[in-house]
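Visitor: pasted the sequence and its predicted model underneath.
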Amino acid sequence: MTEALMNQAAETSNDATQVPSMPENTQPSPAEVEAAVYAIADRSRHAARSMGRANRALKDRGLRAIGAALLERRDQILAANAKDVEAGRANGTSAALLDRLTLNDARIVALAGALENLAGLPDPVGNVVRGQTLPNGLRLRQVNVPMGVVAAIYEARPNVTVDIAGLALKSGNAVILRGGTAAAATNEALIEVLREALESVGLPADAVQTVDQYGREGANVIMRARGRVDVLIPRGGRELIQTVVNNSSVPVIETGEGNVHIFIDESASEDMAVEILLNAKTQRPSVCNTVETLLVHSGSTVLPAVAAALSKAGVRLHADDRIRAALPASVESVPATDEDWATEYMDLDLAVAMVDSLDEAVKHIRTWSTGHTEAILTNDLRNAERFIAEIDSAAVIVNASTRFTDGGELGLGAEVGISTQKLHARGPMGLTELTTTKWIVQGEGQVRV
């Protein structure tokens with residue numbers, strides 16, 4: 001790290017790391033919140049300039065320092081998380097959301113491991129996307145560069161605090177986080193750890209900041225901070241995402257809810273179908289890549305075994321009339337409605353329908369899908385190829401669990417979220433998706449004629 005960069009990092013950290021304090025028990029006015037959040041964004045902009053110049057070795061030291069600090073201070077983090085979980089339980093938070101909220105020793109170890117994986121990945125900054133030399137001698141390069149200031153609004157997911165911060169730092173960005181009231185104590189502890197770890201290696205602490213202390217109004221100000229914030233990424237339920245999409249003047253990369261489908265065609269083997277369905281539904285039901293609807297070809301023979309295995313695992317089946325008629329007597333179900341086809345349960349519930357063809361399966365998916373992930377289980381190559389060609393979702397999977405739609409599982413180190421839109425980024429968003437590009441034109445006195 002150059003002396004100039006070290007000095008700027010220290011300046012950024014020491015100048016104004018603290019949000020202007022309010023008198024105790026005083027509710028800040030909207031104008032005061034706006035001023036305070038804009039000040040945070042301006043410090044982020046200053047920190048982003050340092051991060052944009054930091055080399056890979058320095059950024060990787062920062063990631064490894066964060067990972068080590070998470071492990072060293074796990075007791076403090078888990079104690080804060082226990083407060084959030086207890087408050088959530090007292091407030092009647094659903095089991096699915098409590099699972100997302102909960103950290104444990106294994107999950108903290110996994111977060112540290114993900115940071116180590118990120119440190120081992122190539123730095124996207126400076127990567128040449130394309131280039132050429134024109135007939136007039138001008139040398140062109142299009143290269144990846146950091147976004148600048150990335151803001152994220154999410155809910156009840158403290159692991160996202162670490163994932164987004166790690167990805168933003170490795171890609172040379174500064175990040176502003178709004179993690180929601182449900183995880184307030186956990187996020188406060190995590191952000192303290194993150195900022196101190198960055199300072200320990202000479203990176204600006206203000207590369208990671210939060211507006212949680214300003215609640216919902218703080219989030220509203222971030223959505224209006226066009227020119228101070230370069231991109232805003234919402235991650236959570238449909239209501240949160242649509243609120244951000246509809247109200248933000250800052251450019252938004254929309255992550256989507258996961259109404260995920262698996263289609264079992266008539267050629268799929270029973271053993272594979274049972275194993276994949278159990279994994280896709282029960283491994284962690286509260287996440288967005290969990291299967292929510294199962295479509296079974298009327299010519300398939302695997303339904304009794306799949307339904308029995310799911311039922312034994314505690315999955316409640318919401319089935320159409322044809323499925324209910326074909327289920328073993330030992331497997332209970334409830335009648336499915338159109339609401340079930342549209343529902344992301346995030347729990348041990350599964351909608352099940354029978355279809356007579358691949359065309360019918362594709363039609364059902366096109367009607368009800370959120371564009372996240374769809375899978376086909378088949379031993380018919382033509383069916384697999386047709387499914388890939390005709391399904392328009394961010395991820396299409398053949399003969400594997402939908403749980404693989406994940407940045408870590410796909411070798412991206414971690415993810416900011418799963419983008420279901422089609423502009424800039426689609427699918428799991430890793431390091432490259434947190435960069436944009438710029439053109440570099442080098443000449444020797446050329447002028448346009």
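Guide: Arrived safely, thanks for sending.
Visitor: shaky segments in this protein?
Guide: Residue ranges of the chain with pLDDT under 70: 1-25.
Visitor: contacts only, for A309.
Guide: 274, 277-278 (CB atoms under 8 Å, 6 or more residues apart in numbering). In short, each C-beta sits where N, CA and C put it, glycine included.
Visitor: how does it look with 10 Å?
Guide: 270, 273-275, 277-278, 281-282, 315, 331 (CB atoms under 10 Å, 6 or more residues apart in numbering).
Visitor: ok, R316 next?
Guide: Counting by CB under 10 Å, 6+ apart, R316 touches 310, 332-334, 345, 347-350.
Visitor: swap in L194?
Guide: By CB under 10 Å, 6+ apart, the neighbours of L194 are 62, 65-66, 69-70, 161-162, 165-166, 169, 175, 177, 187, 205, 207-210.
Visitor: so T367 makes contact with V355?
Guide: No - if you go by CB atoms under 10 Å, T367 and V355 don't touch, sitting 11.9 Å apart.
Visitor: those two: which has the busier surroundings?
Guide: Neighbour count, other CB atoms under 10 Å: between T367 and V355, V355 has more, with 22 against 10.
Visitor: picking up where we left off before, which of the contacts of A309 are buried?
Guide: 270, 273-274, 277-278, 281-282, 315, 331 (16 or more other CB atoms under 10 Å).
Visitor: could I get those as a markdown table with distance to G148 and secondary structure?
Guide: Formatted as a markdown table, those follow (distance: CB to CB, whole Å; DSSP: H, G, I helix; E, B strand; the rest coil):
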| residue | distance to G148 | secondary structure |
| --- | --- | --- |
| E270 | 52 | helix |
| A273 | 47 | helix |
| V274 | 48 | helix |
| L277 | 43 | helix |
| L278 | 43 | helix |
| K281 | 40 | helix |
| T282 | 41 | helix |
| V315 | 44 | coil |
| V331 | 54 | coil |
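Visitor: at which residues are the strands of the stretch 151-300 of the chain located?
Guide: 174-178, 208-210, 231-235, 260-264, 291-297 (DSSP state E, counting those that start in this stretch).
Visitor: can I get the ones you listed in CSV including mean neighbour count and distance to N399?
Guide: Putting the strands of the stretch 151-300 of the chain into CSV (neighbours: other CB atoms under 10 Å; distance: least, CB to CB, whole Å) gives the following:
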stretch, mean neighbour count, distance to N399
strand 174-178, 28, 37
strand 208-210, 26, 40
strand 231-235, 25, 29
strand 260-264, 27, 10
strand 291-297, 26, 14
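Visitor: mind checking which of those strands is nearest S248?
Guide: The closest of the strands of the stretch 151-300 of the chain to S248 is strand 231-235. By CB to CB, the value is 5.5 Å.
Visitor: for the closest one, packing partners?
Guide: Counting contacts by 3 or more CB pairs under 10 Å, 6 or more residues apart in numbering; DSSP states H and E, strand 231-235 is packed against strand 149-154, helix 158-170, strand 174-178, helix 215-224, helix 238-247.
Visitor: can I get it in CSV? Just the C-alpha atoms.
Guide: Extracted C-alpha coordinates of strand 231-235, given in CSV (Å, rounded to 0.1, in the frame of the first residue of the first chain):
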residue,chain,number,x,y,z
VAL,A,231,-26.4,1.4,-7.1
LEU,A,232,-28.9,0.0,-4.6
ILE,A,233,-29.6,-3.7,-4.1
PRO,A,234,-32.6,-4.9,-2.2
ARG,A,235,-32.6,-8.4,-0.8
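Visitor: the inter-axis angle of it versus strand 149-154?
Guide: Calculated by axes from the mean of the first three to the mean of the last three CA atoms, to 10 degrees, strand 231-235 forms an angle of 20 degrees with strand 149-154.
Visitor: so after whichever helix in the chain runs longest, what's the next helix or strand?
Guide: In the chain, taking DSSP state H as the definition, the longest helix is helix 30-53. The helix or strand immediately downstream of helix 30-53 is helix 56-72, counting by DSSP states H and E.
Visitor: now do that following helix and helix 158-170, the angle between them.
Guide: 160 degrees.
Visitor: list the buried ones in helix 56-72?
Guide: Buried-residue list, helix 56-72, by 16+ other CB under 10 Å: 56, 58-67, 69-70.
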